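# Let me see the structure of the following:
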Amino acid sequence: MKSRLSYFLISGLVISLILTSIFIWRNKHLKQIPEFNEQSFNAPISSKYIPANTDLIFHWKINPATVPNYIGNYQDKASKNTINKKISFIIDSSFKLISLDFANDISKWVGDYGSFALFNSNKQPLKDWIMVLAIKEDINIEKELEPIVGSKITDESDNPNNKSTTSKIEIVSKKINSNNSIYFANDKDNLLIASNPEIIQSSIEKINRNILNTKEKYKKIRLKENLKDGLLLLEMSPKKILNLIGQKENLFEMNEIDDLISSINLEKNILNIEGILSYGYKTEMPSKVIDDNLVDIIKESKFYEDFILIDNPNQYFSKDSVHPYQKLIAFLIEESTTFDYSNLFKIILEKSKGNLIWINDKDWLVLTRKSDTNKTEISDILKKENFLSSNLDFQNRQLEIWSKISTDENEIYKLKENIEAIIEEVDETYIWSQNLSSISNFDNTSYLQNYSNNKQKLDESNEFNDVLRIHLGEEKTKTVLNNFYPYILFKTMLGNKLRPPKNVDISVAVPTINYPDFIKVKINLKTS
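Okay, the predicted model is just below:
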């Protein structure tokens, strides 16, 4: 039977470490928060103790004891004190998951960085873990540990399982219950805490030898070079974790992802999250990329609450789509459009290549190029669903309307007209909608001209091509997050005082190499 404790341990740490940063980010006085995003992914020195067979690793570069202090003047004094207490409660609760009292035993001496890892051993899958905490200067850690662990000291040289020992280290044990203990060891400026003493000893030995094979080490370095450094860092294998905890539901289409490497940064009122998603095999790159003119279109679109730019949607929504990152992109589009993800929009996605733009301003509309969209196939699908085509001259616009008559069964039968599609042709562009006002209000001719004519391609530092961009305003962002379980849980823990972000921006980029096996995801959450 899979360990429920392991599942809650993972969930608790993910929620507390990542979402606590949201509260730091919400404060308008972040002068003490350092910036790390000027260089590539760079784990703290505590990472050198992490074993090679880990399935999940967290790194942090801020003292957990100081996190509540960064909240500053959140609202009034009463609200600030309440929020600070709840953040402290979340941090304390996270450490209690591994039987440690952060407030009373750790906060006095803990330093500015640390690492935590879960990994799969031959004995107990995902029950083995190690935490490495930096120790403040001028701290006598042995004295600090005395009230925690008592006087029992285990000398590794007396342990028959450690015949290959290359270093001397004292391992201190703390009894949790009749069957379990946790273990401590001090190595220079770092305290190692683990679920069993063998983990600590192997971690010390790891420093003196390279136990990661060359091929795997190269892949890790290659992935990390494409990611900015961060205040919080995450390394994990979603495929292994979900399999080991018996998670059958395909969470965020993560079941096919071999490696996830992520960083979190804080910049004024924006929380920046970058991630590299790595897959076990390579695939051919999409034949097209988002055109450079879409950068101008984004500027033009700032007055729209929500918009999505998709490169070649057909490859993500067609029935013969095979690569797993295509499932992830399709999932992001579906979740971002929420209740506006209609049958018509799905058909347009399936039948459109090139670039597609979805805009939502009370009601949605879609722009596609005529040369990229198979309108005949879309019309045939509508015909099979018994929709009929008619023409409408409206405000000097020639519109094509697809509708059908049905009955409304209330107390009295009534006829009603269902409009499935409204289509306008402008130069080389199709405009699609299901609402007359959304098309009639859309009259930005420069928008359409730029969309149709500019052929230059966007290339980020000649290394990545964007294939998806999403911008959601406050209402859509709130709807999406309210369907995200960790956000719901965290919001509940804080007494429903967590305000939704003002907007969110998401982008997915593919490397410019011919056969990529990873993609880059960026998420920016803005408070104001």
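# What ranges does the stretch 401-528 of the chain have for its strands?
Along the stretch 401-528 of the chain, counting by DSSP state E, counting those that start in this stretch, strands occupy 413-426, 429-433, 464-472, 503-511, 518-526.
# Reformat the ones you listed into a markdown table and put mean neighbour count next to each item.
To be clear about C-beta, it is placed using only N, CA and C from the backbone, and glycine gets the same treatment. Shown next, in a markdown table, are the strands of the stretch 401-528 of the chain (neighbours: other Cβ atoms under 10 Å):
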| stretch | mean neighbour count |
| --- | --- |
| strand 413-426 | 15 |
| strand 429-433 | 22 |
| strand 464-472 | 23 |
| strand 503-511 | 20 |
| strand 518-526 | 19 |
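# quick one, which of the ones you listed is nearest to I182?
Nearest to I182 among the strands of the stretch 401-528 of the chain is strand 518-526 (34.8 Å), distances taken as Cβ to Cβ.
# And that closest one, what does it pack against?
For strand 518-526, the elements it packs on are strand 270-278, strand 503-511, judged by 3 or more Cβ pairs under 8 Å, 6 or more residues apart in numbering; DSSP states H and E.
# Let's see that with 10 Å instead.
helix 4-26, helix 214-224, strand 259-267, strand 270-278, helix 324-337, strand 464-472, helix 474-481, strand 503-511 (3 or more Cβ pairs under 10 Å, 6 or more residues apart in numbering; DSSP states H and E).
# any idea which helix or strand comes after the first one?
In other words, helix 4-26. Scanning forward in sequence from helix 4-26 by DSSP states H and E, the next helix or strand is strand 54-60.
# which helices and strands does that next one pack with?
helix 4-26, strand 110-119, strand 128-135, strand 232-236, helix 238-244, strand 259-267.
# So in that sheet, which strands flank it, and in what orientation?
Paired neighbours of strand 54-60 in the sheet (DSSP bridges): strand 110-119 (antiparallel), strand 232-236 (antiparallel).
# average pLDDT across that strand?
Per-region confidence: strand 54-60 scores 88 on mean pLDDT.
# Numbering from 614 from now on, please.
Okay, using 614 as the starting number, the last item reads as strand 667-673.
# and the angle from that strand to strand 872-880?
Computed by axes from the mean of the first three to the mean of the last three Cα atoms, to 10 degrees, the angle separating strand 667-673 from strand 872-880 equals 10 degrees.
# For the strands paired with strand 667-673, give me JSON lines that also has mean neighbour count, distance to I889 and mean pLDDT.
Putting the strands paired with strand 667-673 into JSON lines (neighbours: other Cβ atoms under 10 Å; distance: least, Cβ to Cβ, whole Å; pLDDT from 0 to 100) gives the following:
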{"stretch": "strand 723-732", "mean neighbour count": "22", "distance to I889": "18", "mean pLDDT": "89"}
{"stretch": "strand 845-849", "mean neighbour count": "22", "distance to I889": "10", "mean pLDDT": "89"}
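# For those, could you give me TSV that also reports distance to N793?
Shown next, in TSV, are these (distance: least, Cβ to Cβ, whole Å):
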stretch	distance to N793
strand 723-732	16
strand 845-849	25
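# Give me the helices and strands touching the strand or helix carrying E818, please.
If you go by DSSP H and E, E818 is part of helix 810-821. Here helix 810-821 touches strand 723-732, strand 741-748, strand 783-788, strand 794-800, strand 803-807, going by 3+ Cβ pairs under 10 Å, 6+ apart.
# how does it look with 6 Å?
strand 794-800 (3 or more Cβ pairs under 6 Å, 6 or more residues apart in numbering; DSSP states H and E).
# gap between the strand it packs on and the chain center?
Distance of strand 794-800 from the chain centroid (Cα atoms, centre = their mean, to the nearest Å) equals 33 Å.
# Which residue, other than its chain neighbours, is closest to K674?
Y726 (5.1 Å; Cβ to Cβ, 6 or more residues apart in numbering).
# re earlier: closest one to N882 among the strands paired with strand 667-673?
With distances scored as Cβ to Cβ, the stretch of those nearest to N882 is strand 845-849 (17.7 Å).
# looking at it, Q939 is touching F930, isn't it?
No - when contacts are counted by Cβ atoms under 6 Å, Q939 is not listed as touching F930 (8.4 Å).
# Comparing the two, which shows the higher neighbour count?
Neighbour comparison, Q939 and F930: the larger count goes to F930, with 21 against 18 (by other Cβ atoms under 10 Å).
# got the phi/psi numbers for the more buried one?
Main-chain torsions, F930, degrees, to the nearest 10: phi -120, psi -10.
# I figured it was touching E963, is that so?
Yes - between F930 and E963 there is a contact under Cβ under 6 Å: 4.6 Å.
# Now do the SS call for N999.
At N999 the chain is in coil, as set by DSSP: H, G, I helix; E, B strand; the rest coil.
# roughly how far apart are it and S1016?
10 Å (Cβ to Cβ, to the nearest Å).
# Give me the contacts around stretch 890-897.
Applying Cβ atoms under 6 Å, 6 or more residues apart in numbering, the contact partners of stretch 890-897 are 836, 870-873, 936-937, 1128, 1130-1132.
# From D993, how far out is F1077?
In terms of Cβ to Cβ, F1077 sits 37 Å off from D993.
# try N1137
Distance from N1137 to D993, by Cβ to Cβ: 41 Å.
# D985 is in contact with E1041, correct?
No - counting by Cβ under 6 Å, E1041 stays clear of D985, with 9.7 Å between them.
# Now T1140. Nearest residue, chain neighbours left out?
Per Cβ to Cβ, 6+ apart, closest to T1140 is N882, 4.5 Å.
# Now do the same for the one you found: its pLDDT.
72.
# and what of E1087?
89.
# Taking strand 723-732 as reference, get the angle to the helix holding E818.
With the same axes, to 10 degrees applied, the angle from helix 810-821 to strand 723-732 works out at 110 degrees.
# okay, the angle between helix 810-821 and strand 783-788?
Helix 810-821 and strand 783-788 are oriented at 150 degrees to each other (the same axes, to 10 degrees).
# Just checking the distance from helix 810-821 to the centre of its chain.
On Cα atoms, centre = their mean, the centre of helix 810-821 falls 31 Å from that of its chain.
# Can you point out the buried residues in that helix?
Under the neighbour-count criterion of 16 or more other Cβ atoms under 10 Å, helix 810-821 has 810-819 buried.
# Please give me every residue in contact with the closest residue in space to T1090 that isn't next to it in sequence.
Spatial nearest neighbour of T1090, excluding adjacent residues (Cβ to Cβ, 6+ apart): V1117 at 4.7 Å. V1117 makes contact with 1085, 1090, 1138, according to Cβ under 6 Å, 6+ apart.
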